[in-house]
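Asker: Fold the following for me, if possible:
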Amino acid sequence: NRGVYELASQAFGEPPDVDGHDRIFILILDISDPVFIGFFDPAVATHPVPELRRDVLYLDERAVRRSGYLARGTLAHEFQHLIHWGHDADEEDWINEGLSGYAEELTGYPEADPDAVPSFLNQPDVDFTNWPVRAFPAYYGSTYLLMSFLAERFGQPFIRDLVAQQRN
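Answerer: You can find the predicted model right below:
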């Protein structure tokens, strides 16, 4: 009976509050790049003008209209990025993306991208620690499976400590 906010905050830590509002803004808009379903933009959270800083997540309106499952999974994914950024702004991409994939599972939307895990299983030799600018599904599948395994093996305290750890 808990939602994305409660589950993710408990697992990964409290989200930042860069704007003094005790809420996270969700902006639903037409994202012109079809590759992106949603994103978190740290440049908005660190805007040079403090009054323009916001804790905001962006979701593509097509995903919201066409696939509630994908939209909610993406919301959990991007919320983990926001939380993680608040604790460790320069985390390695493969760790951050893997934890965002795990956030989807944790909040009830496992494998929001149904191609990620099968893509990795078809290409298991992908070097997920060398994250490319335009990562393809196998990268997401590999890091998601690793973080899911670590959470299962070592528990939620390990995941929370990993997010809070400043070292890369």
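
Asker: From here on, just use CA atoms for contacts and neighbour counts.
Answerer: Will do.

Asker: All the helices of the protein, in order from the start?
Answerer: 4-12, 42-45, 61-66, 68-87, 93-106, 116-122, 137-154, 156-164 (DSSP state H).

Asker: Quick one, which of these gets closest to Gly20.
Answerer: Of all the helices of the chain, it is helix 42-45 that lies closest to Gly20, at 11.4 Å by CA to CA.

Asker: For the helix-or-strand element of the chain with minimal mean pLDDT, buried residues please.
Answerer: Lowest by mean pLDDT, DSSP states H and E among the helices and strands of the chain is helix 61-66, with a mean of 90. By neighbour count on 16 or more other CA atoms under 10 Å, the buried set for helix 61-66 is Glu61, Arg62, Ala63, Val64.

Asker: wait, what's in contact with the third one?
Answerer: Read it as Ala63. Ile37, Leu70, Ala71 (CA atoms under 8 Å, 6 or more residues apart in numbering).

Asker: Ile28 versus that one, what's the distance?
Answerer: Note on Ala63: its distance to Ile28, by CA to CA, to the nearest Å, is 10 Å.

Asker: Same check on the first one?
Answerer: When CA to CA is the yardstick, Glu61 and Ile28 sit 5 Å from each other.

Asker: can you check Asn130 too?
Answerer: From Asn130 to Ile28 the distance is 31 Å (CA to CA).

Asker: which of those two has more neighbours?
Answerer: Ile28 (15 against 12; other CA atoms under 10 Å).

Asker: Val56 is in contact with the more buried one, correct?
Answerer: No. Counting by CA atoms under 8 Å, Ile28 stays clear of Val56, with 10.4 Å between them.

Asker: thinking again about what came up before, out of the helices of the chain, which gets the lowest mean score?
Answerer: Per-stretch mean pLDDT for these is lowest at helix 61-66 (a mean of 90).
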